[in-house]
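Chemist: Provide a 3D model corresponding to the input given below.
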Amino acid sequence: RLTVEFLCLPPPCLSFSLCLLVSHMVIEEVSTIQENLEIERTCRQSVEALASKLNRQNRSLKRKSMLLLSHLGPETIAEINLEDEDEEEEDQHAASKVCLSAQCQSTISELQKKLELALEEKKQAATELNAIREQLRETREELLKEKHDNTALIAETMQQKKLLGKYNRVSQFAVQEYEDLQENLNLERDLRAEAENFARDMLVEQEKLKRQSQILIESSSPSQALQEALSQITSLTDNMETQRLEHQHQIKQMEERLRSSKAEKELMALRCKLELVEEEKREYSEKCSKIEVEVKDLRHTVEELQKKLQAATNPPPAPTPPPPPPPPPPPVPAPTSNPLRFDETQHSQHSFKRVTQQAVDEMMQRIKRGVQLRPVSQTPHRRRRVSSTIFQTLNYHNSILELCVCRQGKEQHPTKTQPSSTGSPVLDTV
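Modeler: A predicted model of the protein is given here:
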């Protein structure tokens, strides 16, 4: 049964179990030999104790005999036989008792051979025991080495598991960051498409306004200040158009970089660009404030010129009967045929358009640099609200400009169409 159990074990455990079995057998045999040796030792000790006792008795008898000899006379001492006849007799008797038969001799020789064989077996068992002990020591060392290797492997496995856990967390973060970047990229694409559409519409409106302003400049004679303002507005519009084209080119380059660059480099670049955007934003805000101050000054100058022109052309009217109740005020004040008023409206239209274009450029610059304006959940509503507000404002100012052009054309050709008496003039123009 033990052999079957040993054969079922793996090879390292089988060799170790065989060594244990052999060592157990050797230990049992050695224990039997040690028991026999212990018996022989006890017998020898008992014989030695008996011999020592006999020696003590003999010495005591000799001392007693010496004492007795000291009390006897010399004649008596001469008669005493000093030879130990009893001992001689005992020796002779013992020698006579020694068995000289062949059976006793054969038994003695067999016992001597058995004793020699037992001694040889004892020596061989001792050598085998030493060899087995050495093998057992080597097996223990191998077992300790395997345990140490197993401990090192377990530690390395735990370290690998921790490393895999870290890689798993990092991969999850990377996937989440990739999804966020993908959402931002889709949002930027949508914003870019909407901005391009808006810029295209603005370009069409700009060309339309350029043609209308060219017609109005040719048909009217504005003052030198207004001409300078218009030239400044056109130059600013051209600059904004060039900036828009540059921004579009930069957006395309940024998309290519987004496809080719890594996340860490992109993050560093986005941080640097965020700082640049902050600086550009401050510069643009300063420029916008300066331009607003200039627009206010120009408006004030235009109002003063308009007042002077009205005072010069319109004399004080004669007293008239009380006027009828005024009609309901329109949503937009009706423009007059005064070129200064039209220039003021055109100038305000250009200034608003310039501010709107500047806001669009700033938005495009932020989109190009990867700045997230609002969180993803709020961006679509904000984008729709801003775009709808911008388009409403543009439609409002375009309607004002078209109304001015139509009114001027109607005053020059009064026999053509007449405006509707109901509704606002802006709605009629639209």
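Chemist: Please enumerate the strands of the stretch 201-350 of the chain.
Modeler: With DSSP state E, counting those that start in this stretch, there are no strands along the stretch 201-350 of the chain.
Chemist: which stretches of it have low pLDDT?
Modeler: By pLDDT under 70, the weakly predicted segments of the stretch 201-350 of the chain are 217-226, 258, 260-266, 315-350.
Chemist: The nearest residue to Met240 once chain neighbours are set aside: neighbour count?
Modeler: Leaving aside its chain neighbours, Met240 sits nearest to Gln357 (4.6 Å; criterion: CB to CB, 6 or more residues apart in numbering). C-beta: built from backbone N, CA, C; applies to glycine. For Gln357, the count of nearby residues is 21 (other CB atoms under 10 Å).
Chemist: give the contact list for Gln357.
Modeler: Counting by CB atoms under 8 Å, 6 or more residues apart in numbering, Gln357 makes contact with Met202, Thr237, Met240, Arg244.
Chemist: could these go into JSON lines alongside neighbour count and distance to Lys62?
Modeler: Formatted as JSON lines, those follow (neighbours: other CB atoms under 10 Å; distance: CB to CB, whole Å):
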{"residue": "Met202", "neighbour count": "22", "distance to Lys62": "148"}
{"residue": "Thr237", "neighbour count": "18", "distance to Lys62": "152"}
{"residue": "Met240", "neighbour count": "20", "distance to Lys62": "146"}
{"residue": "Arg244", "neighbour count": "19", "distance to Lys62": "143"}
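Chemist: Please produce a markdown table containing these, extended by distance to Met66.
Modeler: Below are these laid out as a markdown table (distance: CB to CB, whole Å):
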| residue | distance to Met66 |
| --- | --- |
| Met202 | 153 |
| Thr237 | 156 |
| Met240 | 150 |
| Arg244 | 147 |
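Chemist: Among the residues you listed, which one lies nearest to Gln160?
Modeler: Arg244 (55.0 Å; CB to CB).
Chemist: Find the helix or strand that the residue nearest to that closest one when sequence neighbours are not counted is a member of.
Modeler: Spatial nearest neighbour of Arg244, chain neighbours left out: Ala199 (5.7 Å); criterion: CB to CB, 6+ apart. Per DSSP states H and E: Ala199 is located in helix 102-219.
Chemist: what sits against Glu196?
Modeler: For Glu196, the contact set (CB under 8 Å, 6+ apart) comprises Gln248.
Chemist: That one and Asp190: what is the separation?
Modeler: 11 Å (CB to CB, to the nearest Å).
Chemist: How about Met202?
Modeler: For Met202, the distance to Asp190 equals 18 Å [CB to CB].
Chemist: so the residue nearest to Met240 is in which element?
Modeler: Using DSSP H and E, Gln357 falls in helix 339-368.
Chemist: again with Leu54
Modeler: Here Leu54 is assigned to helix 11-71, by DSSP H and E.
Chemist: I'd assumed Gln365 was in contact with Ala195.
Modeler: No: Ala195 is beyond contact range of Gln365, at 10.6 Å (criterion: CB atoms under 8 Å).
Chemist: thinking again about what came up before, nearest to Leu143, out of the contacts of Gln357: which one, please.
Modeler: Nearest to Leu143 among those is Arg244, at 80.1 Å by CB to CB.
Chemist: ok now do that closest one, which residues does it touch?
Modeler: So Arg244 contacts Ala199, Gln357, Val360, Asp361, Met364 (CB under 8 Å, 6+ apart).
Chemist: Try it again at 10 Å.
Modeler: Ala195, Glu196, Ala199, Met202, Leu203, Gln357, Val360, Asp361, Met364 (CB atoms under 10 Å, 6 or more residues apart in numbering).
Chemist: same question, Lys287
Modeler: Leu236, Gln358 are the contacts of Lys287 under CB under 10 Å, 6+ apart.
Chemist: run the last query once more with 8 Å
Modeler: Counted by CB under 8 Å, 6+ apart, Lys287 has contacts Gln358.
Chemist: circling back to that earlier point, against Leu276, how distant is the residue nearest to Met240?
Modeler: 20 Å.
Chemist: for Glu255, same thing?
Modeler: Distance from Glu255 to Leu276, by CB to CB: 18 Å.
Chemist: what about the two, which has more around it?
Modeler: Glu255 (15 against 12).
Chemist: Distance of that one relative to Lys145?
Modeler: From Glu255 across to Lys145, the span is 61 Å (CB to CB).
Chemist: same question, Lys210
Modeler: Distance from Lys210 to Lys145, by CB to CB: 91 Å.
Chemist: same deal with Leu230?
Modeler: Counting by CB to CB, the gap from Leu230 to Lys145 is 95 Å.
Chemist: and the two? which has more neighbours close in?
Modeler: Taking other CB under 10 Å, Leu230 and Lys145 do not tie; Leu230 has more neighbours (18 against 10).
Chemist: From Met240, how far off is that one?
Modeler: 15 Å.
Chemist: Then Ala359?
Modeler: Taking CB to CB, one finds Ala359 at 11 Å from Met240.
Chemist: Equivalent analysis for His249, please.
Modeler: 15 Å.
Chemist: Check Lys287 too.
Modeler: Taken as CB to CB, the span from Lys287 to Met240 is 11 Å.
Chemist: Identify the contacts common to those two.
Modeler: Gln358.
Chemist: neighbours around Lys62, how many?
Modeler: Neighbour number of Lys62 under other CB under 10 Å is 10.
Chemist: oh sorry, the question was meant for Gln206
Modeler: Counted with other CB under 10 Å, Gln206 comes out at 19.
Chemist: With the one 5 residues further on instead?
Modeler: One way to gauge burial is a neighbour count; for Arg211, by other CB under 10 Å, it gives 10.
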